[in-house]
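S.K.: Build the 3D model from these lines:
(chains A and B)
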Amino acid sequence: MSERPTGQELTEAILEFLAGEILPTLTDRRLRFRMLVAMNALGIVHRELAALPAEDDSDLRELARRIRAGDVPPGTLPRVKSGVEARLLIASPQFLESYR
Amino acid sequence: MRDAFQTALSGLLGREVEISEPVLLAGGASKEAWAVDADGRRLLVRRAAATVMHHHTLSLAQEFAVLEAAYEAGVTVPKPYGYLADVAGREAFVMERLEGETIGRRIVRKDELAGARERLPVQLAEELAKIHAIPAERLPFLPEARLERMVEELDEVGEPHPAIELGLWWLRENPPPRRPAVVNHGDFRIGNVVVGPAGLVGVLDWEFVHLDEPVRDLAFSLVRAWRFGVPEKRLGGIGDAEPFVERYNELTGRDVRPEELDYWELAGNVAWAIGTLTQAQRHLSGRDRSVELATLGRLSAEVEYEICNLLEQVTA
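M.R.: Here you go, the predicted structure:
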């Protein structure tokens, strides 16, 4: 588990927000019903993510530890950058576009 | 709540005042901001929130002392009215509520603010020169920033982030010549200033004030995350860095070099990358459950990408 909040933790945060701040404001009965259905669907995603095996981040921890110790061989920066790029493709693909 | 404000503000202003219904403004998890008018005077009340404060920020009493010092030093800030030990059970302070735009996205885009954007680089430099001239001995409680504090904060998060480590490593290996520490605003950037059609209306958010190198403050406003979708304008999405730095140098005689600016811009990005992670921790630890704070944890990847980019430039 290297990326926090994990997908599971994010769905949990969204569920809390919807239940605590949005649902109480919905007065339209149809919208309220559909919101409950949507929250139920998000609950399914949440439990499905919880059932996945935890990601192994030992390589990443080792890399971070080495850099901290000052062990930075040539090629470290491109390696680190491509790792960040892979995370951005999930977290914020439009941000990558702003560099092109 | 209205009665508590009525009593507190009457005491502060020294007479019975007529107040408007206090309105809780958005933003700020550790401190509340209330808009209230007393006898037609526009006030803003900063009040402690229910949750525990971030341990690297100033207390409300300290923040008020800083605001007073800045006001006396001629910095363009909201007029400070006074500190209140008890507003409905929590401490608070009162200042003027300025009129203008604070939302970064609007400041960099709005047509009506095109003239303001032309004036802002020079105006921001003038404010910073005044802030850096505030006598530090007047604020003896100010902490001194160190690179190691960033490392400690990262270790408290406990996640592996090689890009941040790489940034910290480069900063440790390549320090510019040290300059004497001055009073730093600590969060000086678009988003923390009030802007009107004629430009700068006031400098806000004084809770991160500390002692540090002057260039740190200067370069923080260049961090890409504060360009609000206009990345080609290095100074907060509103303009170029050169007129800003030239005016600052002219006023302070400090002769800040471009390579120092590059160093501290990288340092600002490293600080903000760690900042996004510590903000997400507030949510993950259960202290402040919030979908906004949670999402910030993933925005770390944006700042880390910029760190890699800046490292490519400085090592090229």
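
S.K.: So which residues on chain B come close to chain A?
M.R.: Applying Cβ under 8 Å from any Cβ of the partner chain, we find that chain B lies next to chain A at B:159-163, B:165-166, B:168-169, B:229, B:231, B:277, B:280, B:283-284, B:289-291, B:294-295, B:297-299, B:301-302, B:304-305, B:308-309, B:311-312, B:315. For every residue, glycine as well, the C-beta is placed using N, CA and C.

S.K.: Give me the buried subset of those.
M.R.: Buried by 16 or more other Cβ atoms under 10 Å in any protein chain shown: B:159-163, B:165-166, B:168-169, B:277, B:280, B:283-284, B:289-291, B:294-295, B:297-299, B:301-302, B:304-305, B:308, B:311, out of those.

S.K.: From the residues you listed, which land in helices?
M.R.: Among those, the subset assigned to helices under DSSP state H consists of B:162-163, B:165-166, B:168-169, B:277, B:280, B:283-284, B:291, B:294-295, B:297-299, B:301-302, B:304-305, B:308, B:311.

S.K.: Relative to B:Glu259, how far out is B:Gly268?
M.R.: 15 Å (Cβ to Cβ, to the nearest Å).

S.K.: go on, B:Phe64?
M.R.: With distances taken as Cβ to Cβ, B:Phe64 is found 38 Å from B:Glu259.

S.K.: Also B:Ala125?
M.R.: Distance from B:Ala125 to B:Glu259, by Cβ to Cβ: 19 Å.

S.K.: of those two, who's got more company?
M.R.: B:Ala125 (23 against 11; other Cβ atoms under 10 Å in any protein chain shown).

S.K.: Which strands and helices lie in contact with the helix or strand hosting that one?
M.R.: If you go by DSSP states H and E, B:Ala125 is part of helix B:114-131. Helices and strands touching helix B:114-131, as assessed by 3 or more Cβ pairs under 8 Å, 6 or more residues apart in numbering or on different chains; DSSP states H and E, comprise helix B:104-109, strand B:193-196, strand B:199-203, helix B:214-220, helix B:241-252.

S.K.: what helices or strands is the shortest one leaning on?
M.R.: Right, strand B:193-196. Here strand B:193-196 touches helix B:114-131, strand B:199-203, going by 3+ Cβ pairs under 8 Å, 6+ apart.

S.K.: For the last one, which strands pair with it and how are they oriented?
M.R.: Read it as strand B:199-203. Partners of strand B:199-203 in the sheet, by DSSP bridges, are strand B:193-196 (antiparallel).

S.K.: Averaged pLDDT, the partner strand. What do you get?
M.R.: Mean pLDDT, computed over strand B:193-196, is 97.

S.K.: for stretch B:63-70, same thing?
M.R.: The average pLDDT within stretch B:63-70 is 96.

S.K.: which residues touch B:Glu68?
M.R.: Taking Cβ atoms under 8 Å, 6 or more residues apart in numbering or on different chains as the contact definition, B:Glu68 lies against B:Pro80.

S.K.: before we move on, which element is it in?
M.R.: Applying DSSP H and E as the criterion places B:Glu68 in helix B:60-72.

S.K.: Any buried residues in that helix, and which?
M.R.: By neighbour count with 16+ other Cβ under 10 Å, helix B:60-72 contains the buried residues B:Leu60, B:Gln62, B:Glu63, B:Phe64, B:Ala65, B:Val66, B:Leu67, B:Glu68, B:Ala69, B:Ala70, B:Tyr71.

S.K.: Determine which two of those residues are furthest apart.
M.R.: Distance extremes for those: the farthest pair is B:Leu60 and B:Tyr71 at 16.3 Å, using Cβ to Cβ.

S.K.: which bits of chain A sit near chain B?
M.R.: So far as Cβ under 8 Å from any Cβ goes, chain A lies against chain B at A:2-5, A:9-10, A:13-14, A:16-17, A:57, A:60-61, A:63-65, A:67-68, A:70, A:72, A:76-77, A:80-81, A:83-85, A:87-88, A:91-92, A:95-96, A:98-99.

S.K.: If we use 6 Å, what do you get?
M.R.: A:4-5, A:13-14, A:16-17, A:60-61, A:63-64, A:67-68, A:77, A:80-81, A:84, A:87-88, A:91-92, A:95, A:98 (Cβ under 6 Å from any Cβ of the partner chain).

S.K.: ok, of the residues you listed, which come out buried?
M.R.: For the residues of chain A next to chain B, a neighbour count by 16+ other Cβ under 10 Å gives the buried set as A:4-5, A:13-14, A:17, A:60, A:63-64, A:67-68, A:77, A:80-81, A:84, A:87-88, A:91-92, A:95.

S.K.: returning to what we had before: what's the offset of the helix holding B:Glu68 from the middle of its chain?
M.R.: Offset of helix B:60-72 from its chain centre (Cα atoms, centre = their mean, to the nearest Å): 14 Å.

S.K.: Averaging pLDDT per element, find the lowest-scoring helix or strand in chain A.
M.R.: When each helix and strand of chain A is scored by mean pLDDT, DSSP states H and E, helix A:93-97 comes last, with a mean of 92.

S.K.: What residues of the longest helix belonging to chain A count as buried?
M.R.: Identified as the longest helix of chain A according to DSSP H is helix A:29-50. Across helix A:29-50, burial judged by 16+ other Cβ under 10 Å covers A:Met35, A:Met39, A:His46.

S.K.: where in chain A is pLDDT low?
M.R.: Applying pLDDT under 70 to chain A flags the ranges A:1-2.

S.K.: again, only using 90
M.R.: Regions of chain A meeting the criterion pLDDT under 90 cover residues A:1-3, A:53-55, A:97-100.

S.K.: On the three-state scheme, the residue lying closest to B:Ala70 once chain neighbours are set aside is what?
M.R.: Once flanking residues are discounted, B:Ala70 sits nearest to B:Val77: 5.0 Å by Cβ to Cβ, 6 or more residues apart in numbering or on different chains. Using DSSP: H, G, I helix; E, B strand; the rest coil, the structure places B:Val77 in coil.
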